[in-house]
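Undergrad: Generate coordinates for the sequence data below:
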Amino acid sequence: MPNHRPLTAPFVKSCRAPGRYGDGRGSKGLRLVVSQSNVAVTGVTKSWVAEVRGADGRRVARGLGSYPAVSLSEARKLAAGNYVAVKSGAMAARATSSTSAPTLALALDAVIPLRKMKPETVRDWRSSLDRHAVELMGMPVGVITSAHIIKILEPIWQPKPALGRKILQRLAVLMDWAKANNHRVDNPCDSVRAALPKNDHQAAHHRALAWVDLPAALQLAQSYRRPMAVRLFEFVVATAVRINEARAVTWSEIDVGTQVWTVPAERMKAGRVHRVPLSHFALGVLENARRLAEREGIASELVFPTASGKPLHRNAPIKMFVELGIDTTTHGLRSTFSDWAIEAGYDSMTVHRATAHEDRNSVRAAYQRTDRLEERRPLMQAWGEFVVS
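TA: Now for the predicted structure:
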């Protein structure tokens with residue numbers, strides 16, 4: 001029986017039964033696709049698809065992204081836009097139907113020259129994908145979902161963790177190409193890692209707090225004997241920047257009107273200007289730092305100065321962590337932020353922009369035309385609200 005009732009956010013969140021669920025009459029073809037998974041924590045993966053009949057009578061199916069990265073309200077907006085495009089014929093040149101969208105194999109053919117791969121690298125890419133993703137290679141890139149990718153990764157993710165990560169990374173590159181060329185609106189690989197269990201990979205990482213422990217750590221820090229070090233710690237948390245970028249911030253870099261901190265290129269690891277949207281929490285930290293400097297009679301253009309007007313040492317927060325028993329590093333705080341953001345459903349590209357990570361993927365980097373400042377505002381505001389909760 002068709003579903004004539006619209007979907008609700010609670011139903012989408014709680015649904016565990018595999019199937020395809022329509023959004024009722026007037027839904028513009030929106031469907032929630034729930035697929036069984038042996039590795040996802042919930043036992044299922046969820047994705048959005050819009051199905052609309054074109055002028056020729058054929059059904060055009062387009063992937064709209066995975067839940068919860070794309071919410072119900074966002075999926076409805078995407079479905080409405082897709083409906084108008086299909087009905088107006090605007091999709092003719094970029095439709096993701098099974099007859100017009102390039103297959104994953106053709107996407108690989110397109111990406112190889114863009115990455116300027118050496119012959120041995122080309123052979124490795126083709127061999128690995130033909131062996132472990134053969135089910136996907138003949139599929140149109142617009143209809144591949146997170147569930148498809150999880151299915152091919154299940155046999156290798158834990159027994160062969162390095163191989164699993166390699167396959168996922170290569171699929172992400174191909175899907176970024178598809179997204180950049182308007183063959184789909186999302187990258188289904190973005191939400192895959194969160195749905196998979198931890199594998200046996202043991203890389204050397206900076207110590208980092210679990211995100212659930214960060215609010216308590218901030219509370220504990222308030223008792224520390226050097227309040228300016230506490231303010232610097234809070235600012236690193238609020239902005240997710242590196243310690244050297246934060247400790248040398250000057251008031252001239254802060255625009256309170258637009259609520260943006262502009263970090264000059266010479267202080268950034270990637271050598272490019274980085275704009276940071278300032279949450280209410282971050283603005284509060286700045287105001288507290290200003291009052292603290294005034295109270296201690298420190299005249300400096302620096303936001304976090306020492307008594308002599310120089311920048312705080314990069315290890316000032318580290319000394320506080322050791323003294324208070326907070327098991328993290330300043331760089332590890334960036335990992336804490338990233339973990340929280342991904343688990344909260346924010347897409348990986350926006351999170352990468354927030355942390356100013358330099359993308360070593362030349363194909364993906366070539367299509368990054370914006371720093372996503374406005375998209376990062378709600379992310380940083382939500383983060384600020386969480387850490388003071």
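Undergrad: burial measure for the residue nearest to residue 191 when sequence neighbours are not counted, as a count.
TA: Among residues not flanking residue 191 along the chain, residue 66 sits closest, at 4.3 Å (C-beta to C-beta, 6 or more residues apart in numbering). C-beta: built from backbone N, CA, C; applies to glycine. For residue 66, the neighbour count with other C-beta atoms under 10 Å is 27.
Undergrad: residue contacts, residue 66?
TA: The neighbours of residue 66, taking C-beta atoms under 8 Å, 6 or more residues apart in numbering as the test, are 45, 46, 47, 48, 145, 146, 186, 188, 190, 191.
Undergrad: Shouldn't it be within a helix?
TA: No: under DSSP: H, G, I helix; E, B strand; the rest coil, residue 66 falls outside any helix and is assigned strand.
Undergrad: State the distance from it to residue 154.
TA: Here residue 66 is placed at a distance of 17 Å from residue 154 (C-beta to C-beta, to the nearest Å).
Undergrad: just residue 207 next, same as before
TA: As judged by C-beta to C-beta, residue 207 and residue 154 stand 31 Å apart.
Undergrad: which one of these two has more residues nearby?
TA: Using other C-beta under 10 Å as the criterion, residue 207 and residue 154 rank with residue 154 on top: 15 against 12.
Undergrad: quick one: pLDDT of residue 166?
TA: pLDDT recorded at residue 166 is 90.
Undergrad: In three-state terms, label it for me.
TA: helix.
Undergrad: And for it, nearest residue in space, chain neighbours not counted?
TA: residue 128 is the one closest to residue 166 (C-beta to C-beta, 6+ apart), at 6.6 Å.
Undergrad: how near is that neighbour to residue 306?
TA: For residue 128, the distance to residue 306 equals 53 Å [C-beta to C-beta].
Undergrad: Please apply the same query to residue 249.
TA: Note on residue 249: its distance to residue 306, by C-beta to C-beta, is 14 Å.
Undergrad: More neighbours: these two, which one.
TA: Just comparing residue 249 and residue 306: by other C-beta under 10 Å the higher neighbour count belongs to residue 249, 25 against 16.
Undergrad: Correct me if wrong: that one contacts residue 305.
TA: No: taking contacts as C-beta atoms under 8 Å, residue 249 lies outside contact range of residue 305: 10.5 Å.
Undergrad: most remote residue from the protein's center?
TA: Ranked by distance from the centre of the chain (C-alpha atoms, centre = their mean), the top residue is residue 297, with 42.0 Å.
Undergrad: Please report the distance of that one from residue 305.
TA: 11 Å.
Undergrad: Likewise for residue 315?
TA: Distance from residue 315 to residue 305, counting by C-beta to C-beta: 16 Å.
Undergrad: And the two? Which one has more around it.
TA: residue 305 (21 against 13).
Undergrad: pLDDT at that one, what is it?
TA: 96.
Undergrad: check contacts around it.
TA: With contact taken as C-beta under 8 Å, 6+ apart, residue 305 is in contact with 228, 293, 298, 311, 312.
Undergrad: go again using 7 Å as the cut-off
TA: Contacts for residue 305 (C-beta atoms under 7 Å, 6 or more residues apart in numbering) come out as 293, 298, 311.
Undergrad: If I look at residue 75, what pLDDT would I see?
TA: Value listed for residue 75 in the pLDDT field: 84.
Undergrad: And the residue nearest the centre of the chain?
TA: Centroid-nearest residue in the chain, with C-alpha atoms, centre = their mean: residue 348, separated by 1.8 Å.
Undergrad: From residue 357, how far out is that residue?
TA: Residue 348 is 10 Å from residue 357, where distance means C-beta to C-beta.
Undergrad: joint contacts of the two?
TA: Common neighbours of residue 348 and residue 357, using C-beta under 7 Å, 6+ apart, do not exist here.
Undergrad: residues contacting residue 36?
TA: With contacts defined as C-beta under 7 Å, 6+ apart, the neighbours of residue 36 are 18, 43, 44.
Undergrad: From those, keep the buried residues only.
TA: Neighbour counting with 16 or more other C-beta atoms under 10 Å marks residue 44 as buried within those.
Undergrad: The contacts of residue 36 in strands, which ones?
TA: residue 44 (DSSP state E).
Undergrad: Reformat the contacts of residue 36 into TSV and put distance to residue 178 and pLDDT next to each item.
TA: Below are these laid out as TSV (distance: C-beta to C-beta, whole Å; pLDDT from 0 to 100):
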residue	distance to residue 178	pLDDT
18	25	85
43	28	76
44	24	78
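Undergrad: Thank you kindly, that will do.
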